[in-house]
Structure formats: structure tokens, C-alpha cells
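S.K.: from the sequence below, what's the structure:
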Amino acid sequence: QPHDTAMKLEADKLNRLMEERRVSSDKRKELRRYIFEVAHVKKTEDQTIVVQSLSPMLRGYVIGAMMESFCSKVDYLRDLPHDRVITLSSSIKPRLYAPGESIHPE
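M.R.: This is a model prediction of the structure:
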């Protein structure tokens, strides 16, 4: 998988940087977790580009499958009708923040 290979290369670079700069083990764990999350977001963004090239019917099917696990984790989205999930999915933009980082509206 190209995404996995790219993520491993980034993780290797990060590990070398943290070793050279003597980053504490707690921060190393936090940074590694962040790198893995970034890789997941990039993979999802690439998949979204592929989905946009599909017909409306197929796009709806794939988006529904992609959003199923997300919606199942959010109480007020759990019972959302399929057509609303499709509409909602076009509005969701992934954002990553480190644990404890302040989040300010853009």
C-alpha cells in the first residue's frame, strides 16, 4: 500500500529527528500518534477524491460505507437517514490537533 509505505518513511524520519534532538519518551509517543493520525487523514482525503469521480448512486453507496463507523460513534448521528449522511459528509473537513492543544474557530 502506497499510504503505508509513505507513513513508515515519515515515521522513520520522525524517529531519527526525535533521537537526534533527545525528545522525551512521552512526547515521542504523542508525536508518533500524531503522525499516524495524519497518515489516516491523508488516506481518507485520497479516497474522497476517488469517490468524487463515481456516479451519484455509487458515490452515495461508498460514502455511506465510509461514514458508517463515524456516525455510529456519535449519538445524534447514529439514526440519521442515509441521504442526510451523504449531505453531511460533504461538509465534514478533517482537522488534527495534538492532545491538550487549544482549538480556536477559523
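S.K.: mind checking which residue lies nearest the centre of the chain?
M.R.: With distances taken as C-alpha atoms, centre = their mean, the residue of the chain nearest its centroid is Val41 (2.8 Å).
S.K.: give me every residue that touches that residue.
M.R.: Counting by C-beta atoms under 8 Å, 6 or more residues apart in numbering, Val41 touches Pro94, Leu96. For every residue, glycine as well, the C-beta is placed using N, CA and C.
S.K.: name the element it belongs to?
M.R.: Here Val41 sits within helix 25-52, counting by DSSP states H and E.
S.K.: now do the buried residues in that helix.
M.R.: Leu31, Tyr34, Ile35, Ala39, Lys43, Thr48, Val51 (16 or more other C-beta atoms under 10 Å).
S.K.: show me what the helix-or-strand element of the chain with minimal mean pLDDT is in contact with.
M.R.: Taking mean pLDDT, DSSP states H and E as the measure, the chain has helix 82-89 as its least confident helix or strand, at a mean of 86. The contact list for helix 82-89 (C-beta under 8 Å, 6+ apart) reads Arg59, Gly60, Ile63, Gly64, Met66, Met67, Cys71, Leu77, Leu80.
S.K.: who touches the fifth one in this structure?
M.R.: Applying C-beta under 8 Å, 6+ apart, one finds that Met66 lies in contact with Thr44, Gln47, Val51, Ser89.
S.K.: what do you get for Pro99?
M.R.: Pro99 sits next to Glu30 when contact means C-beta under 8 Å, 6+ apart.
S.K.: what does it show for phi and psi?
M.R.: phi -60, psi 130 (degrees, to the nearest 10).
S.K.: any idea how far it lies from Lys29?
M.R.: Pro99 is 10 Å from Lys29, where distance means C-beta to C-beta, to the nearest Å.
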